[in-house]
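[1] Sequence first, then the predicted structure:
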Amino acid sequence: MEKNVKKIPTTVGIIMDGNRRWAKANNLPKLEGHRLGYKKIKELMRWAKDANIQNIIVYAFSTENWNRTKDEVSYLMDLFRFIFKNEIRYLKQEGIRVRYMGEKHRFSPDFQKLMAKTEQETAKAQGPLLGICLSYGGRAEIIQATNQAIAKGKPIDETSFSKYLWTSGIPDPDIIIRTGGEYRLSGFLTWQNVYSELFFTQTYWPAFTKKEFMDILEEFASRDRRNGR
């Protein structure tokens, strides 16, 4: 690491906001912002490895994003397919495990197969985990977890309920970062974020830098996290 960060977060959540506004500000087609936003994720994972962070969860496509224009949704689906098909070798070389979280059933069968293949072929990687939230919403996650718990017919507590979440087995985020200048969480990890340290930046996602990321980690290390105690 470039800075002396004493307290390392185990899990970092990222709301990658501002792709379209970055493209507009740079006189580029808005869809180009999404392409460069994807490339920024690859940079992010290198930063995570440098910082010894075990888990990164990114908000890639929310349940509300289905309501965007047909052309934009189609472009994003094609971009995701390209990633699934062409990045497995890169992910394995970098030791990155991938896990998808969200309403997988809303995607086409071929899309679901590509997701499963990526997860299976990176499952034994020893590096950081990249959790990708697709068709994800915090309320939708809680509802599906509740229905699963009801189907089991057994009493639950917070610990057992967490096993039904899409993030099951991944520690709750110590940090949530939102780029793009908005000050809300937009349904991101609603159950999991109750004690997350929140960081909001004006920087659009494609312009987010390693220095800004490291500065956030340094500030996190200085915070006194009592978690209600």
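    All right, it came through fine. Residues are numbered from 1 along each chain as shown.
[2] can I assume residue 59 sits in a strand?
    Yes: judged by DSSP: H, G, I helix; E, B strand; the rest coil, residue 59 forms part of a strand.
[3] if I look at the closest residue to residue 7 other than its chain neighbours, how far off is residue 194?
    Closest residue in space to residue 7, ignoring its immediate chain neighbours: residue 221 at 4.1 Å, by Cβ to Cβ, 6 or more residues apart in numbering. C-beta coordinates here come from the backbone N, C-alpha and C atoms, glycine included. Look at residue 221 and residue 194: by Cβ to Cβ, to the nearest Å, they are 21 Å apart.
[4] more neighbours, the two?
    residue 221 (14 against 11; other Cβ atoms under 10 Å).
[5] State the helix or strand in which that one lies.
    helix 210-222 (DSSP states H and E).
[6] Next: residue 147.
    Element membership for residue 147, per DSSP H and E: helix 138-152.
[7] And the contacts of that helix?
    With contact meaning Cβ atoms under 8 Å, 6 or more residues apart in numbering, helix 138-152 is reached by 63, 101-103, 156, 160-161, 164-167, 185, 187-191.
[8] Tell me the spacing between the residue sitting nearest the centre point of the chain and residue 175.
    Nearest to the geometric centre of the chain sits residue 58, at 1.3 Å (Cα atoms, centre = their mean). As judged by Cβ to Cβ, residue 58 and residue 175 stand 13 Å apart.
[9] so what sits against both of the two?
    If you check residue 58 and residue 175 against Cβ under 8 Å, 6+ apart, the residues they both contact are residue 13.
[10] for the residue located most distally from the centre of the chain, what are its contacts?
    Distance from the C-alpha centroid of the chain peaks at residue 153, with 31.2 Å (Cα atoms, centre = their mean). With Cβ under 8 Å, 6+ apart as the criterion, no residue contacts residue 153.
[11] Next one, pLDDT for it please.
    Here the pLDDT value assigned to residue 153 is 91.
[12] repeat for residue 4
    Confidence score, pLDDT, at residue 4: 47.
[13] What of residue 84?
    On pLDDT, residue 84 comes in at 89.
[14] So which residues make contact with whichever strand or helix holds it?
    Using DSSP H and E, residue 84 sits in helix 70-86. Contacts of helix 70-86 with the rest of the structure, by Cβ under 8 Å, 6+ apart, involve 30-31, 34-35, 38, 60-61, 65-66, 107, 111, 114-115, 117-118, 134.
[15] Just the buried subset of these, written out for PyMOL, thanks.
    The following PyMOL line selects those of these that are buried, judged by 16 or more other Cβ atoms under 10 Å:
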select buried, resi 30+31+34+35+38+60+61+65+107+111+114+115+118+134
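[16] Could you give the average pLDDT over stretch 9-19?
    97.
[17] End to end on that stretch, go ahead and measure it.
    26 Å (Cα to Cα, to the nearest Å).
[18] got the buried residues for that stretch?
    Result for stretch 9-19 [16+ other Cβ under 10 Å]: buried residues 9, 11, 12, 13, 14, 15, 16, 17, 18, 19.
[19] Contacts only, for the last one.
    For residue 19, the residues meeting the contact criterion (Cβ under 8 Å, 6+ apart) are 30, 33, 34, 36, 37, 204, 205, 206.
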